[in-house]
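A.B. asks: turn this into a model:
(one chain, ligands or ions: 1)
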Amino acid sequence: MQNLDNLKQEITQEVAAANDMNALEDVRVRALGKKGSVTGIMKTLGGMEPEQRKEMGQTLNLLKTEIANVIDNKAEELKKKELDARLKTEKIDITLSPRFERRGSVHPLSQAIEEITAIFADMGFSVAEGPDIEDEFHNFDALNFPPNHPARQMHDTFYLPDHEGQDGDEARRLLRTHTSTVQIHVMQETKPPIKSIMLGKVYRSDYDATHTPMFHQIEGLVIDKNIHMGHLKGCLIDFIKAFFGLDDFPVRFRPHYFPFTEPSAEMDIGCDRSGGKLVMGEGNDWLEILGCGMVHPNVLKNCGINPDEYQGFAFGAGLDRLAMLKYGIPDLRTFFEPDLRWLQHYSFGPYDQPNRTFKG
Ligand code: DAH
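C.D. replies: Below you'll find the predicted structure:
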């Protein structure tokens, strides 16, 4: 009996010391295998007296079961350990390392929109929007275009196919040729005072290095009592200063004609082209920047505003052209081509802030 206790203790210690399944299997074979220590003692049962055999048989069976249990428990423990170790070493990294060369960036047009919006927001302007698909009323009639104005012709303006060729039909639908349409929407929907800019896509039947069938404009509208040309000039000069980062520059308002403004002007700023490249803000040349004027009384009337009570000014500029001038981009068509090299060169970081705002 004493020996059996010792044997049990010995085997239990060996089981506890087994570090892996192979070592445990060795312990099992040495104890319970055909030639194992416990099996060896079992074999001696045959030579015993029946009384003793019965007693020893029970004790030995119990011992066998106990040892088998200890081994099973240890096996469970080792399997769990092995699984944990495998899980640690076989970990699959499902994350992708960042590909910096493909990082998204801000298109120069979006950047220009951000900057311009920030400058006018500092001056108290809100942003208004209007539809790209318009009717002739908003694009032409309300803006005081005479019925036979050349801009209404089909080789200039994209009419929608279901209305093509129906000249004289006031409901003819078209792709807006300028953002001035939004002035009409704003004046129809809001009472003065009005101080808004409008930015967006416009469409004309044109294609060369400086014209694309779709391009972008920025428009401004200010309507209030006692608004005059001085307000227009001050506002636009401040805008150009802030956008191009110029402290002082030659500027002229050259008389022009737009049906929707009277008087009308084009704003030019001084520049120097003599060195083969354009330097803005100095020199003896002029660069046309935008169109502007005092809102024509007919336009106010068309929108239900009394021109004897309210006056205002408006302006419109090519947004793409402003971006080309500021960022030094030579060809307008490249704005709308999906060329990643071009984007990498001209685009901005996603966290870039508009770089110059109006500090008035
Ligand atoms: N709508 C004009 C164009 O597309 C630009 C323009 C000129 C807008 C003068 C204005 C303005 O609001 O006052 O050429």
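A.B. asks: quick check: Leu24 touching Lys74?
C.D. replies: Yes. Using CB atoms under 8 Å, Leu24 makes contact with Lys74 at a distance of 5.7 Å. (C-beta placed from N, C-alpha, C; glycine too.)
A.B. asks: touching both of the two, which residues are there?
C.D. replies: Common contacts of Leu24 and Lys74, defined by CB atoms under 8 Å, 6 or more residues apart in numbering, comprise Val15, Ala18.
A.B. asks: how many residues are close by the closest residue to the ligand within the stretch 101-250 of the chain?
C.D. replies: For the stretch 101-250 of the chain, the residue closest to the ligand is His178, as judged by CB to the nearest ligand atom, at 3.3 Å. Burial of His178 is recorded as 22 neighbouring residues (other CB atoms under 10 Å).
A.B. asks: so which helix or strand takes in the residue nearest to it when sequence neighbours are not counted?
C.D. replies: Nearest residue to His178, sequence neighbours excluded (CB to CB, 6 or more residues apart in numbering): Val202, at 5.4 Å. Using DSSP states H and E, Val202 sits in strand 194-203.
A.B. asks: for whichever helix or strand comes after that strand, which strands pair with it and how are they oriented?
C.D. replies: Going down the chain from strand 194-203, the next helix or strand is strand 214-224, by DSSP H and E. Applying DSSP bridges, strand 214-224 is found paired with strand 194-203 (antiparallel), strand 311-318 (antiparallel).
A.B. asks: what mean pLDDT does strand 214-224 get?
C.D. replies: On average, the pLDDT along strand 214-224 is 97.
A.B. asks: chain center to it, what's the gap?
C.D. replies: Put simply, strand 214-224 sits 25 Å off its chain's centre (CA atoms, centre = their mean, to the nearest Å).
A.B. asks: pull the helix or strand following that strand out as CSV, backbone CA atoms only.
C.D. replies: Downstream of strand 214-224, the first helix or strand assigned by DSSP H and E is helix 229-244. Output in CSV follows, covering the C-alpha atoms of helix 229-244 (Å, rounded to 0.1, in the frame of the first residue of the first chain):
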residue,chain,number,x,y,z
MET,A,229,-20.3,102.6,-57.0
GLY,A,230,-17.9,103.5,-54.1
HIS,A,231,-19.2,100.4,-52.2
LEU,A,232,-18.6,98.2,-55.3
LYS,A,233,-15.1,99.5,-55.8
GLY,A,234,-14.1,99.2,-52.1
CYS,A,235,-15.5,95.7,-51.8
LEU,A,236,-13.8,94.4,-54.9
ILE,A,237,-10.4,96.0,-54.1
ASP,A,238,-10.5,94.5,-50.7
PHE,A,239,-11.4,91.1,-52.2
ILE,A,240,-8.5,91.2,-54.7
LYS,A,241,-6.1,92.3,-51.9
ALA,A,242,-7.1,89.4,-49.7
PHE,A,243,-7.2,86.7,-52.4
PHE,A,244,-4.0,87.6,-54.2
